[in-house]
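In: What follows is a predicted structure for the sequence shown.
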Amino acid sequence: MKKTYLLALALGLSVSAFAQRTLIHCGTLIDGVSNTPKSQMTIVVEKNRITDVQSGYTAAQANDKVVDLKNRTVTPGWIDMHVHIESETSKDQYLKRMSQNMADIAFEAQKHANTTLMAGFTSVRDLGGSGVNISLRNAITKGLTVGPRIFTSGKTIATTGGHGDPTNGINSSKYTVPDDVTDGVVNSPEEGRQAVRQRYKDGADCIKITATGGVLSVAKNGKGPQFTENEIEAIVSTAKDYGFIVAAHAHGAEGMKRAIRAGVTTIEHGTFMDDEAIELFKKHGTYYVPTIIAGKTVGDSVKVPGYYHPLVVPKAIETSKQIAATFAKAYKAGVKVAFGTDAGVFPHGYNAKEFQYMVEGGMPMMEAIKSATIVNATVLGMKEELGSIEKGKFADIVAVEGDPLQDAKAMMNVAFVMKDGKIYKQK
């Protein structure tokens, strides 16, 4: 490299014509693959790819850029498998549903995307919004705005009155409230197939269904099943035809059992899973996305008078009391765990607090980090590109202050963020 640099100078050529290497000197490296951390390592980055991982602190050559993370713990960029990038919890959230237009949503989503990236999450799976999430993904990809790499379901697919029906809580005599396949409301296997095809047309990356009731929807039942198994089977089989994986929101046991048997890839929340559901998770290899922080957050927010609609309050209390215990039981039983938070139910940027709750539930920190890196990359079908610090992969790299293997709270102290070879945060 040095000889090439000197030759360029001698010939009067622009040094910028030669690719600049970035050498990242890591005090401690957790690469997403090994079960033990490595000390004094160098990650070599060229353009947007990792071109080598070397032992020791590689000496810089001419034109190299050196990033000193010798006092940091370095990991692959984290992947959150469940966010809602368009919105964020607030006491006026129901009013905002009625007053915001698409432009309002887009500007807010842009802010949340930037916050998420600065918190160390270089990729996210966005599971439901207005459709702005697709446009935001495209804008980030084009470099028009800053945020994580987004894999999005577009609009959620729900049943009439179910969790995810956007008309819940809206007075249809005063507002125009679409309630059809285009808007994500289905009531038969055939309409389910149509909805998947509509998501394909819209440009979504995956499919999200609400297999049971939910906590924050303006509806009474938060646990009951809301799709027949035949309906879910139609959605899943059509999704496979179009290259989609399917995520199923499910709190109640019966709904998640139907979804697992029908072939969904992930179950979101899983709050009230029973022993039979646990065995089905293991039998079918279905991933469990626990979102513990969301359950705990609604339990805190419900203490604020008027924060939630009265129909939401009892559901929030019940869920908050159960979700952490369910995670501990499911993990101990051997259910496969994919890291996800439901960010938006709590303020964006606090996603990494989920690591603490996972460790409290019995998962070793190294395994929790893998769940947010190589495991999630595998679920997304991106294992060859994301999820570990290995030669040839995208240069998505995060560093934290302290040792997260000794203190999970260190994951909240993000000191460095690189996505796609570009540094977005360094302190």
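Out: In hand now; what should we look at?
In: mind listing the helices for the chain?
Out: Secondary structure of the chain (DSSP state H): helices at 2-10, 93-99, 102-118, 132-141, 189-202, 229-241, 253-262, 275-284, 292-301, 313-333, 353-360, 365-371, 374-379.
In: Indicate which one of those is closest to residue 83.
Out: helix 102-118 (6.9 Å; CB to CB). For glycine as for every other residue, the C-beta is placed from the backbone atoms N, C-alpha and C.
In: buried residues in that closest one?
Out: In terms of neighbour count (16 or more other CB atoms under 10 Å), helix 102-118 has its buried residues at 105, 106, 108, 109, 110, 112, 113, 114, 115, 116, 117, 118.
In: Show the pLDDT at the last one.
Out: In this case it means residue 118. Listed pLDDT for residue 118 reads 98.
In: which residues does residue 295 contact?
Out: Residue 295 makes contact with 269, 271, 319, 320, 322, 323, 324 under the criterion CB atoms under 8 Å, 6 or more residues apart in numbering.
In: what stretches of the chain score poorly on pLDDT?
Out: Residues of the chain meeting the criterion pLDDT under 70: 1-19, 171-181.
In: switch the cut-off to 80
Out: 1-19, 93-98, 169-182 (pLDDT under 80).
In: Regarding it, what is its longest strand?
Out: Taking DSSP state E as the criterion, the chain has its longest strand at strand 65-76.
In: Mind listing the strands that one pairs with, and their directions?
Out: Note on strand 65-76: by DSSP bridges, its sheet partners are strand 21-29 (parallel), strand 397-401 (antiparallel).
In: neighbouring contacts of the longest one?
Out: For strand 21-29, the surrounding residues in contact (CB under 8 Å, 6+ apart) are 1, 37-46, 51, 53, 57-58, 60-61, 63-75, 389, 395, 397, 399, 403, 418, 421.
In: If we use 7 Å, what do you get?
Out: With CB atoms under 7 Å, 6 or more residues apart in numbering as the test, strand 21-29 has contacts from 37-46, 57-58, 60, 64-74, 389, 397.
In: And for stretch 60-77?
Out: 1-2, 5, 15, 18, 20-30, 32, 122-123, 369, 373, 387-389, 396-404, 410, 415-416, 419.
In: Just the buried residues of those residues.
Out: Buried, going by 16+ other CB under 10 Å: 5, 21-30, 32, 122-123, 369, 373, 387-389, 396-400, 402, 404, 410, 415-416, 419, out of those.
In: before we move on, back to that, out of the buried residues of helix 102-118, which is nearest to residue 231?
Out: residue 105 (28.7 Å).
In: which residue packs closest to that closest one, ignoring adjacent ones?
Out: Once flanking residues are discounted, residue 105 sits nearest to residue 132: 4.9 Å by CB to CB, 6 or more residues apart in numbering.
In: so the one you found makes contact with residue 107?
Out: No - in this structure residue 132 lies outside contact range of residue 107 using CB atoms under 7 Å: 9.7 Å.
In: which residues touch the nearest residue to residue 251 once chain neighbours are set aside?
Out: If the residues on either side of it in the chain are set aside, residue 251 comes closest to residue 271, at 4.5 Å by CB to CB, 6+ apart. By CB under 7 Å, 6+ apart, residue 271 lies in contact with 251, 295, 319, 322, 323, 326.
In: where's residue 271 relative to residue 332, distance?
Out: 16 Å (CB to CB, to the nearest Å).
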